[in-house]
Structure formats: structure tokens, C-alpha cells
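Engineer: I need the structure of the sequence given here:
(chains A and B)
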Amino acid sequence: MSSSHSYPHEPTGVETRKLGMWVFLSTEILFFGTLITTFMIFKGSDFPGMKLTDVYDIPFTSISSFILLMSSLTMVLAHNALEANDQEKTRVWLLATAMLGAVFLAGQIYEFTEFYHKGFELTTNIFSSSFYVLTGFHGLHVFIGVVLLLALWGIGQRQKGLTLEGGMNLEFVALYWHFVDIVWIVLFTVVYLI
Amino acid sequence: MTKIIEPSKQSSIFRRPSSETGIWSWITTVDHKRIGIMYGYAAFFFLLIGGLEALILRIQLSQPDNNFLTAAEYNAMFTMHGTTMIFLAIMPISAAFFNYLLPLQIGARDVAFPRLNALSFWIFIFGGAFLYSTFIFGTAGAPEGGYLAEEVGWLGSAPNGGWFGYQPNAGMKYSPGTAMDYWAIGLQILGIASLISAFNFITTIINMRTEGMRFMRMPVFTWMTFAVSFLLAFSLPIIAIALFYVTFDRKFGTTFFLTEGGGDPILWQHLFWLFGHPEVYILILPAFGIVSEVLPTFSRKPLFGYAAIVFAGFGIAFIGFGVWAHHMFASAISPVAQAGFGLSTMVIAVPTGVKIFNWLGTIWGGKLKLNTPMLFSLGFIGMFVIGGLSGVTHSIVPADTQQTDTYYVVAHFHYVLFGGALFGIFSGLYYWFPKVWGKMYNESLGKIHFWLMMIGFNLTFGPMHWLGLQGQVRRTWVYAEETNLQFWNIVVTVGAFIIALSIIVFMINWIFSKRNGEKAPFDPWDARTLEWTIPSPTPVWNFSTAPIVKSLDDFWHTKYSEDEEGRAVKREEADQILLELEEDGLNPSEHIALPNPSYFPIVLASGLPFLGYAVIYKSIPLALIGTVLLLIGGFGWGTEPLEEEIHIDSDE
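Structural biologist: Predicted structure coming up:
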């Protein structure tokens, strides 16, 4: 038996951490899939009390959705800047992405508070329950994304700066962030528009 | 001579753990072998607890109208028995095999994410401890309009709504107190552990295979790990969301599964079994993999129909997502759905049958060596076929509605999960014992264990078929004397104690052989897969140099060639090759970079139970403690340097 000296060997050519993230995201689809399916079932059911249409403010949510979408753009800009090895710009765009995410979150918190004031609460009816659990679960994802982005930004402050390889790398976080954005496009359509 | 020099310490916010022996080395380890061993012991501990709960149940049922347990205690015991055996015993013991063997079988030095691996182990430990803390902190009160006593003892203060947690029975109205919250959140935490290990194993198999280890050259055990990981990755999210809903229903007043608020209890059943049926294959496929390794080795023949076994495994995994409603034939689902799920249930028997015939084909005409692992594998085939056949009877809807919630079902799934999964697991424990400990187990004690378990198992679960068909109902804590069920119930109880005895024999064998067993050669079974090409016990670096694989069963072909009739003939140079392999395996010639131990997996994992308690008791301080632990763990994790080298220096 012969041997070689090539550890680690990546037969697929895809970086292992990135591959792990892809597998993780495929699981996330099932998480959101189950939530969305349940939401749709209850949305179609005959429930008493308030509907989302009684309380929502489409222009407001559209703007906050637009802000979240823009954060995907800044994420790409951060990635491009890092590929050009421009540490300064990378940090700026990372911070911009985190901030846009934070603005979206603030918008969601504001929206939830408004709904509560108007009497659309978690236990109002089966629809409101599934609405809050679904959008709240997504909000939690955005929150984790913002924490990851800020952590990445913090790591970028160090002497060495960021690289495209290594543990908590930018590509890894970017994949997650884009996924969370895409899920929101689906949620916005399913929850608010249909 | 070689020696390992301590890893050089790099600056980090916290000091890197550096001990290589003692308790800290185990707490901070990221070595897949050590994690595997810890998984094994922890799971075996829970297996003993789950077994103890089973014995308590059997004592209660040994006499008609017995009052050894109260109804509330009986409910708690069967719930904890099922939950423990599935989530805390069989699943983690499979994880022990995955952890230890997977990197070895694909020629890797560790899994793709060693620290995540440690994290999933510690989450499992904290999840199990959290679930069992219900005996100390949990409360289970009397449901409205029920006849259970208001006050229950500590034995009854455990989750009591069944491992399937059917709604609305497991809701606040019928299961008051906190016990079912411990169940819902405990399973949630355990689910996180399994999910993380699923990502880890999928990534490892895709990306860590050594040169030449193409997919169709991977050992079947690795394939089954792959299939199980996909099943976990795609089924656990469903139960996780369903458990979220349960927790919201119980703690925050929503009505997802409660009809009075427009919710749907049947939705819980759908979501639960959409996870629950793949879960059945999560439990059994690892045993399929183990048996597929053991049978060819001791039949001295290649596995019959390698590709068929692999694809049948994935066929089972795939169809496994399309049969869930056969658990719900007695619930309100339409006749069309009943017919459809009845058919798909028959269909899933096909790939399972393919496997059985492949195993029989493997044994056929082989030079069988009937030692303990082989006996357990053969026992597995026999018992699993019985369980599989009684399983197919459930696809006939009218028959199933008769059998639902009787002991016939209990008999069926114990034949599959005990006679199947657990026999396979014991086969694997004996088979790989020499590789893990470098010692041989005691063959006679092993055989005594097998025969005692075989007899005890059939005495326990065989008569349950008849009891079930005679109408003994599941989950009731007494039966009347007039029902004439007493005789077989006593037989069952005696059988259960024989199983307990066999487990004691196993433990004696394990402890004795680990201390005083004969020294094991590195390839004691004349086996076929890569883990047998390295010394026993496995050195910390696994492979001195990355092996290159040229064919399926590469190691076997290194040792044997074929004559004209296709019989195996030992190569002349085989002994020399083995000697060289052992020499090389013990003396690596290059610098080996191993992942460093870390404190952060356990810190991160320790945050989760606090968050769980915080939800149960709606306590902000506990939530803060949990979050802070998560943040410390995550921050330390993100900032500690990834890899440092363990230098292996030759000093003559």
C-alpha cells in the first residue's frame, strides 16, 4: 500500500467550511419550510378576530425589506473589497451590512409593537400565533447574522486583518447572510403580499 | 522512538488547554476517538437507566391489578423509557460508532469540524442531564377531570405524555406542571446536538476522504452513516419546529395544537411522524452498516451486492420520508391517504428485503467463523426479519386499526429496535473492541452474553405479539385478572430480567477484558477496511501518512489475490506488508498537525440548559446567564487560533 503526504485532501475542491455551511443551509430550508407550511395551513383556516391586513403597513414593511435586500449588496461589496485585499473598505462594507441588518431588526421590533398596540397579539388567534413565530424565527436569524457580521468586523480590526481562508471567514458569513435575505423575500411574499 | 512534544502555546484571550491525560484532557478534547468513547459510555449509562425503567414497568405488569406503581408513575416511566432509549441510548451509541470509525474508514485524521464534534457531544450530555433534571425540579399535577392523584412522588414527576407527546394530551390542560416542558425542551436541545453532528459527518464524508477513496469504494458502514446524517439533517428541523409550537402552546398561551383555539392536534401527529418515521431508520441504518462490515469479515467473502446494499440504504432513507402516516391510521386521515401510505409502507419493505438477501448471499458458501460479533450479526438478521415482517402487517389498514395501541405494536418495534438496532450495536461493540482498546474481549463470556440476550429477548418480546392480539392495550398500568393475560405477562417479565442478566455479563466482560484482556494484534479479524491497517489501539494521529486507496476493500486485496475459481489466496508478501504497516503506523515520519483541544465547546453547550430553564420558569436572570455563556463560548471559539502543530520528533 502506498501513501502520500496530502492532508487535508478535499476531493470536491470546495472548501470544507463552506461545504459545511451549505449543508447547514439545506437544513435551514426544512426549518423555514415547516414554519411556512404551518403558517399557510392556518392562514387558510377559518379563525376569528384580527387579520394581518387589519394592522399592517405595506409601505413600511416594503421599505424595511428593501433595506435588508440592500444589505446583500453591501455584503457582496465587502467580499469584493476583500478579494482586492482592501482591508479598510472590507471593514466599512461589513459594518454597513451589519447596520442595515440592525435597521431591519429595529423596523421589525417597531412593527411588532405597533401590532400589539392595535390588539394583534401572539395569542389573538391561530393566525397571529403562526405569524409571530414565523417572522420572529426569521428575526432571530437576522440577529445572529448581525452578531456574526460585527464579530467579523471586530476580527478585521486586528493587525492581520481578514482573509478569505481560516475559521470565521467572510465567505462563510456571507453565505448565511444571503440565505437569510432570500428567506425574507419568500416570507414577505407569503405573509404580506399573498 | 518517537515522542510527542506539547503543542506550543499561542497567545489567545484564554490559555489553550494543554493537558493530555486526566479529566481536563477529556473535557477539552476534540479528538474524534475520545469523543466517540465518551459518547459510547454516556449512551450506555442511559441505556442502563432506560433498562431500569423497563424493569420497573415489567414488575408492575407481572401481576394483574398490581399496585407496585401508581398510574402517574407508570405514565412517567414508559414516557422516560421510550425517550431515553431512543434519544439518549441508541442514537448516541450510533454516534459513538460514527465518531470513532468514520474518519478511520475514509482514511482521515479527524472529522471536518473537530470542535463542532465536541460541541455536539457536550450538548448531548447537557441535554440528557436537563431532561433527567425533571426528576428533581419537574412537577406533574393532576389533569382537569382526570383520576390521577393530585400529589405524585418523585418517580411520577417526570414527563408523562408518551415519547410521541400526542396533543392535546401533552398540552397544559391534560399534562399540567412542568414535566412535559422538560421533555419538549430537552428534546430540542438533544436535537441540536444531532443536527450539528449530521452537518459534521456529511461534510466529513464528502470532503475528508483520502486519495482514491471514491464514493463507490467507501465501506458500507460509512455509507450508512452518510444516509443517517441526511435523515437527521432533514427530519430534525421538522420536530424542532413542532416542539417550538408545543412550548409556545404550553408556556405562552398559543393554540397551535389545541382545537379550542382553532389549532389542529392532527398537525402535531403529522409533524411528529414526519420526523418520527425517518427516526426509525436513523436508529436502524447504523446497525445495517455494522452488520455489513461484520458479515463479510467472518464469512471471508466480499459483501454480496455492494452497490445494491448502498442504494437500498438510500432507497430506505428516501422512501422513509413518505410513509409517516402509517402511524396514524387510527387518526382522522382520509381513506385515500390511508391507501397511499399503506402502499408506500409495502414499498419500503422492498429495499429492506434487498439488504436481507444481500446479507444472506454474503454468508452463503462462506467459511463462517462463529464468534461473538458474527453471532450478534446473525441474530440481528433473524430478529430483524421477524420485526420487519410484523411491520409489513401494519401496512394493511384494517389489520392495523385492530393492532394500534396494543402490545402487538410494542412487540413489532422492539423486534426492530432491540433485535435489530441493539443486536447490531452489540455486534459492533465486540467487533471493534480490539481496535479501540488494543485488547481482546473474552470470547466465552461474549457467547454467554449473546445466548442469554437471545433467549431473554425472545421471551420478552415474542409473547407480546400474542398479548397484543388478545387485546392487551399499551400504556395502561393494570390489567384485570379476568382477562387471562397473566401467564404471558409473567413470561415477559422473566425475559426482561434475563436481558438484564445478559447486560451484566457484557459489562463484566468489558471491564475485565479492557484491563486484563490479551493484547490484540492490529488486524485480529483479517478484515477488509482501512481502520484495520493501523495499530490497536488507534494512535492519536490515526494514519501516519495518508493512505491511497485503489479499490473497494483495498486492504483485503493487499493481503489476498484470487485463484482461477475466484477463491481468496493469501499473497506471499502479505505478512511482510502487515509487519511494515504496523511499524509505519506507530512511527510517523512527518510532522503531524492535530486540532487543538478547546474549552469552548463545553462552555458554549453549558449555556443551553440555562436557556431551557429560563423558558420553563420564564426567568430573565437564567436567560441572561445562558446567553452570556453562549457569547463567551462563541467569542472564545471564534478568536482562538485554529490549529497548532503537535511536533513529532525522531530522537534516536
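Engineer: Just the CA coordinates for the helix or strand hosting B:Ala307, please, in PDB.
Structural biologist: In this assignment (DSSP states H and E), B:Ala307 forms part of helix B:306-319. What follows is helix B:306-319, C-alpha atoms only, in PDB (Å, rounded to 0.1, in the frame of the first residue of the first chain):
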ATOM      1  CA  TYR B 306     -22.200  -3.900  -2.500                       C
ATOM      2  CA  ALA B 307     -23.900  -1.400  -4.800                       C
ATOM      3  CA  ALA B 308     -27.300  -2.900  -4.200                       C
ATOM      4  CA  ILE B 309     -26.800  -2.500  -0.400                       C
ATOM      5  CA  VAL B 310     -25.700   1.000  -0.700                       C
ATOM      6  CA  PHE B 311     -28.500   2.100  -3.000                       C
ATOM      7  CA  ALA B 312     -31.000   0.100  -0.900                       C
ATOM      8  CA  GLY B 313     -29.800   2.100   2.100                       C
ATOM      9  CA  PHE B 314     -30.500   5.400   0.300                       C
ATOM     10  CA  GLY B 315     -33.800   4.000  -1.000                       C
ATOM     11  CA  ILE B 316     -34.900   3.300   2.500                       C
ATOM     12  CA  ALA B 317     -33.800   6.700   3.600                       C
ATOM     13  CA  PHE B 318     -35.700   8.400   0.800                       C
ATOM     14  CA  ILE B 319     -38.900   6.400   1.000                       C
END
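Engineer: next helix or strand past the helix or strand bottoming out on mean pLDDT in chain A?
Structural biologist: Every helix and strand of chain A was ranked by mean pLDDT, DSSP states H and E. The lowest is strand A:3-4, at a mean of 40. Counting by DSSP H and E, the next helix or strand C-terminal to strand A:3-4 is helix A:16-44.
Engineer: Quick one: distance of the helix or strand following that following helix to the chain centre.
Structural biologist: Moving toward the C-terminus from helix A:16-44, the next helix or strand (DSSP H and E) is helix A:58-83. In terms of C-alpha atoms, centre = their mean, to the nearest Å, the centre of helix A:58-83 is set 11 Å apart from its chain centre.
Engineer: And stretch B:307-322, by the same measure?
Structural biologist: On the basis of C-alpha atoms, centre = their mean, the separation between the geometric centre of stretch B:307-322 and that of its chain is 19 Å.
Engineer: State the mean pLDDT of that stretch.
Structural biologist: In this model, stretch B:307-322 carries a mean pLDDT of 94.
Engineer: ok so B:Asp478 is a helix residue?
Structural biologist: No, residue B:478 isn't Asp; it's Val. No - using DSSP: H, G, I helix; E, B strand; the rest coil, the assignment for B:Val478 is coil, not a helix.
Engineer: so what's it up against?
Structural biologist: The contact partners of B:Val478, taken as C-beta atoms under 8 Å, 6 or more residues apart in numbering or on different chains, are B:Gln60, B:Pro64, B:Asp65, B:Asn66. All C-beta spots, glycine's among them, are computed from the backbone N, C-alpha and C.
Engineer: Any buried residues in the helix holding B:Ala307, and which?
Structural biologist: Going by neighbour count (16 or more other C-beta atoms under 10 Å in any protein chain shown), the buried part of helix B:306-319 is B:Tyr306, B:Ala308, B:Ile309, B:Val310, B:Ala312, B:Gly313, B:Phe314, B:Gly315, B:Ile316, B:Ala317, B:Phe318, B:Ile319.
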